[in-house]
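S.K.: Okay, here's the prediction I keep looking at, along with the sequence it came from:
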Amino acid sequence: MQRRPQNFLSTPLTMQTDWQGNASIEMACGLAEELIRNFGEVRLRVFGTSMAPAMLPGDLVTVHRAAMNDISAGEVVLFTQNGRLFVHRVMGQKLSPAEKIEEARLITRGDRLHHDDPPVSSRELLGRVVSLERDHRKLELDPRESNGVFARLLRASDRATCLYLLLLAGWRSLFFRGLKCRV
């Protein structure tokens, strides 16, 4: 059995990896959280379908650090809950009692989901999505995207979402494969 080499960072800190060299989700989430808290910006690749059709698996998002009072309904935010990162749309805010004082919390939901996420506190909020890139093109984020007819269709059916993603992948491979730079 061939032994796979362990990956090391340039500092003495080591990162646990799987056999393909992928960092553990917890370590990656922690690193993204630390980057945005310390430097104010991070770029991440989207993997889930909860924000389809506004965001698709493989899209790149740029997130800038933002405070709770800077966020308004319709914006897309990055937050952490239970050791995972989420990029979801803000539906509104509510006041929740937290240790004898009321604290504002965000109500968020993925565009394709039927239910709201657990309320997001100010310590869980990491920032606001400021740009979206797909196939090397910058796209605008529409604050009303979650109410569109197409979004409602994808919300109503996992099969429709799967079919949409398969058709999109076929379309991309058919029309974008020749756009790579050739030397």
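M.R.: Yep, it's here.
S.K.: Can you point out the buried residues in the longest helix seen in the chain?
M.R.: For the chain, the helix reaching the highest residue count under DSSP state H is reported as helix 158-176. Residues of helix 158-176 classed as buried: 161, 164, 165, 168 (neighbour count, 16 or more other Cβ atoms under 10 Å). C-betas here are computed from N, CA, C, even on glycine.
S.K.: and residue 34, how many neighbours?
M.R.: Neighbour count of residue 34, defined by other Cβ atoms under 10 Å: 11.
S.K.: From residue 65, how far out is it?
M.R.: In this view, residue 34 and residue 65 are 12 Å apart by Cβ to Cβ, to the nearest Å.
S.K.: how about the spatially most central residue of the chain, secondary structure?
M.R.: Closest to where the C-alpha atoms of the chain average out (Cα atoms, centre = their mean) is residue 87, at 3.4 Å. The assignment at residue 87 comes out as strand when based on DSSP: H, G, I helix; E, B strand; the rest coil.
S.K.: helix/strand/coil for the closest residue to it other than its chain neighbours?
M.R.: Distances taken as Cβ to Cβ, 6 or more residues apart in numbering place residue 78 nearest to residue 87, at 5.3 Å, with adjacent residues excluded. Under three-state DSSP, the three-state class of residue 78 is strand.
S.K.: ok, residue 97 to residue 30 distance?
M.R.: For residue 97 relative to residue 30 (Cβ to Cβ), the value is 29 Å.
S.K.: between those two, which one's more packed in?
M.R.: Neighbour totals were compared for residue 97 and residue 30, and residue 30 leads with 15 against 8 (other Cβ under 10 Å).
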